[in-house]
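Q: The following comprises the amino acid sequence and a computationally predicted model.
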Amino acid sequence: MSRVGKYPVTVPDGVEISLAGNVLTAKGKLGELHVPFTDEVTVELKDGKVNVNPVGGTKKARSLWGTVRSLVDNAVVGVSEGFTKRLEINGVGYRAQVQGKKLNLQLGYSHDIGFEIPEGVKIALEGDRQSIIAVSGADKQRVGQVASVIRGYRAPEPYKGKGIKYQDEIILRKEGKKK
């Protein structure tokens, strides 16, 4: 029995859920998200809660049970509250600026990196030196993907900790050379 799948997803006020075929649609103040699912699971809406159940006892149905439930929960939370990932820039001369629909990054290379901000994702700069990049949006997967791509431009190095890291990430530091 799935430990995740057995719990129903509660739908908060201001979120509309609709089922059409094998697609669940969630509408809220932050947008609209679609969650496709297979015939291996059934999704039903009762009394402001979404229940996900497997069809039969096959291994595939049991494995998709918790996955679909998590995707439905992420869609409901995304359209009502949204998701945010914060990245921290460390390094002398490392900067970020938002110019329209583009994020300009100066990360110690000979050129600036221009990152086009995709639809459905907002990027804002925070902090006293504007060294914190806040990536937010309704789709949890897209927010995480955009944050990962930005971090990949200059991943933190272990000797001085320079680079872009997640705000809650801990960088294991190494000791430098000894004479």
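A: Yes, it's here. As the structure is a computational prediction, the values presented were derived from the model and not from experiment.
Q: to the chain's geometric centre, what's the distance from the longest helix along the chain?
A: Determined from DSSP state H, the single longest helix within the chain is helix 59-80. Computed by C-alpha atoms, centre = their mean, to the nearest Å, the chain-centroid distance of helix 59-80 equals 15 Å.
Q: helices and strands around it, which ones?
A: If contacts are counted by 3 or more C-beta pairs under 8 Å, 6 or more residues apart in numbering; DSSP states H and E, helix 59-80 sits against strand 9-10, strand 23-28, strand 31-36, strand 41-46, strand 49-54, helix 140-152. The C-beta positions use only the backbone N, C-alpha and C, and glycine is treated the same way.
Q: Can I get that helix as PDB, trimmed to CA atoms?
A: C-alpha atoms of helix 59-80 as PDB (Å, rounded to 0.1, in the frame of the first residue of the first chain):
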ATOM      1  CA  LYS A  59       3.200  -3.200 -10.000                       C
ATOM      2  CA  LYS A  60       2.800  -0.400 -12.400                       C
ATOM      3  CA  ALA A  61      -0.500   0.700 -10.900                       C
ATOM      4  CA  ARG A  62       1.000   0.700  -7.400                       C
ATOM      5  CA  SER A  63       4.000   2.600  -8.500                       C
ATOM      6  CA  LEU A  64       2.000   5.300 -10.300                       C
ATOM      7  CA  TRP A  65      -0.500   5.600  -7.400                       C
ATOM      8  CA  GLY A  66       1.800   7.800  -5.200                       C
ATOM      9  CA  THR A  67       3.300   9.600  -8.200                       C
ATOM     10  CA  VAL A  68       0.000  10.800  -9.500                       C
ATOM     11  CA  ARG A  69      -1.100  11.800  -6.100                       C
ATOM     12  CA  SER A  70       2.100  13.900  -5.600                       C
ATOM     13  CA  LEU A  71       1.600  15.500  -9.100                       C
ATOM     14  CA  VAL A  72      -2.000  16.400  -8.200                       C
ATOM     15  CA  ASP A  73      -0.900  17.900  -4.900                       C
ATOM     16  CA  ASN A  74       1.900  19.900  -6.500                       C
ATOM     17  CA  ALA A  75      -0.600  21.300  -9.100                       C
ATOM     18  CA  VAL A  76      -3.100  22.300  -6.300                       C
ATOM     19  CA  VAL A  77      -0.300  23.900  -4.200                       C
ATOM     20  CA  GLY A  78       1.200  25.600  -7.300                       C
ATOM     21  CA  VAL A  79      -2.000  27.400  -8.400                       C
ATOM     22  CA  SER A  80      -2.900  28.500  -4.900                       C
END
